[in-house]
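>>> build me a model from this:
(chains A and B)
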Amino acid sequence: EAGVTQFPSHSVIEKGQTVTLRCDPISGHDNLYWYRRVMGKEIKFLLHFVKESKQDESGMPNNRFLAERTGGTYSTLKVQPAELEDSGVYFCASSSSGRALAGELFFGEGSRLTVL
Amino acid sequence: GENVEQHPSTLSVQEGDSAVIKCTYSDSASNYFPWYKQELGKRPQLIIDIRSNVGEKKDQRIAVTLNKTAKHFSLHITETQPEDSAVYFCAASGPGSSNTGKLIFGQGTTLQVKP
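So this is what the prediction gives:
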């Protein structure tokens, strides 16, 4: 099966600009997660979609971050306006309903964001 | 909130030696503990996992042990090979996440296996 795909793989923007990251989960996976890893630290949970609904957005840093999953397929994560501390690798992961009970997630390769 | 501590942050071993990475977690309700391996520039991939009803699980050269009383779990890699070089992340199912799949990750361990 095709894996989780993310775009872009790397984005370099200036402070104050806007960036939109996209994630295409594995087909048929209802659960979609966004995580972020800041250099050298843990992979930190941002939010969780079940189909098009936000199940848990407790990890979203602030209101500069907006995640959507219209139609319950792909998801976007927009950062507006970007700040220096937003730099990091943003991972998307997906899981089918059954596997989500066990926490078995399939990750994308990540989108590296560099804010200058 | 839930916290997962992982040690060491870097680990260098000689090919053929064993490597051990340890994690502790804070939420006693956590019941699922996966380990992910991330090679340079690639996606994190699940290599082994353990659930709270068992104390040890093995898969060829890798094994994971879990001590629920002490709230720690460890990854053991035997007969290490250069291709084992990667960043390893431990994780625990987060608070109230028994039906959501949310994971809390450790900080990662960079393992280098020297030929």
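>>> stretch B:102-115: which residues count as buried?
B:102-111, B:113 (16 or more other C-beta atoms under 10 Å in any protein chain shown). (Glycine included, C-beta is placed from N, CA and C.)
>>> span of it from start to end?
The first and last residues of stretch B:102-115 sit 37 Å apart, counting by C-alpha to C-alpha, to the nearest Å.
>>> just checking that stretch against chain A, any contact.
Yes: residues of stretch B:102-115 contacting chain A under C-beta under 8 Å from any C-beta of the partner chain: B:102-108.
>>> what of stretch B:10-24?
No: shown here: stretch B:10-24 not in contact with chain A (C-beta under 8 Å from any C-beta), separated by at least 10.2 Å.
>>> tell me the buried residues in that stretch?
Judged by neighbour count (16+ other C-beta under 10 Å), stretch B:10-24 contains these buried residues: B:11, B:13, B:19-24.
>>> now swap in stretch B:50-59 and tell me
Buried residues in stretch B:50-59 (16+ other C-beta under 10 Å): B:50, B:52.
>>> report the mean confidence score over it.
In this model, stretch B:50-59 has an average pLDDT of 88.
>>> how far out from the middle of the chain is stretch B:40-52?
Distance of stretch B:40-52 from the chain centroid (C-alpha atoms, centre = their mean, to the nearest Å) equals 8 Å.
>>> I'd say B:Lys68 and B:Asn53 touch.
No: taking contacts as C-beta atoms under 8 Å, B:Lys68 lies outside contact range of B:Asn53: 9.3 Å.
>>> okay, how far is it across stretch B:82-91, tip to tip?
Stretch B:82-91 stretches 24 Å from its first residue to its last (C-alpha to C-alpha).
>>> what about that stretch and chain A, touching?
Yes: counting by C-beta under 8 Å from any C-beta, contacts between stretch B:82-91 and chain A involve B:89, B:91.
>>> and for that stretch, what's in contact with it?
With C-beta atoms under 8 Å, 6 or more residues apart in numbering or on different chains as the test, stretch B:82-91 has contacts from A:42-43, A:103, B:4, B:6, B:15, B:19, B:21, B:23, B:33-40, B:44, B:47, B:73, B:75, B:77, B:103-106, B:108-115.
>>> what sits against residue 44?
Here I'm looking at chain A. Taking C-beta under 8 Å, 6+ apart, we find A:Lys44 in contact with A:35-38, A:59, B:105.
>>> my question was about chain B
Here B:Pro44 is in contact with A:43, A:91, A:107, B:36-38, B:89 (criterion: C-beta under 8 Å, 6+ apart).
>>> how close does the nearest residue to A:Met39 once chain neighbours are set aside sit to B:Thr69?
Once flanking residues are discounted, A:Met39 sits nearest to A:Gly88: 6.7 Å by C-beta to C-beta, 6 or more residues apart in numbering or on different chains. As for A:Gly88, its distance to B:Thr69 is 35 Å (criterion: C-beta to C-beta, to the nearest Å).
>>> which of these two has more neighbours?
Neighbour count, other C-beta atoms under 10 Å in any protein chain shown: between A:Gly88 and B:Thr69, A:Gly88 has more, with 20 against 7.
>>> tell me what that one is bridged to.
Beta-bridge pairing of A:Gly88 under DSSP bridges involves A:Leu113.
>>> residue of chain B nearest chain A, please.
B:Gly101 (3.6 Å; C-beta to the nearest C-beta).
>>> picking up where we left off before, of all pairs in the buried residues of stretch B:10-24, which one is the farthest apart?
Distance extremes for the buried residues of stretch B:10-24: the farthest pair is B:Val13 and B:Thr24 at 21.8 Å, using C-beta to C-beta.
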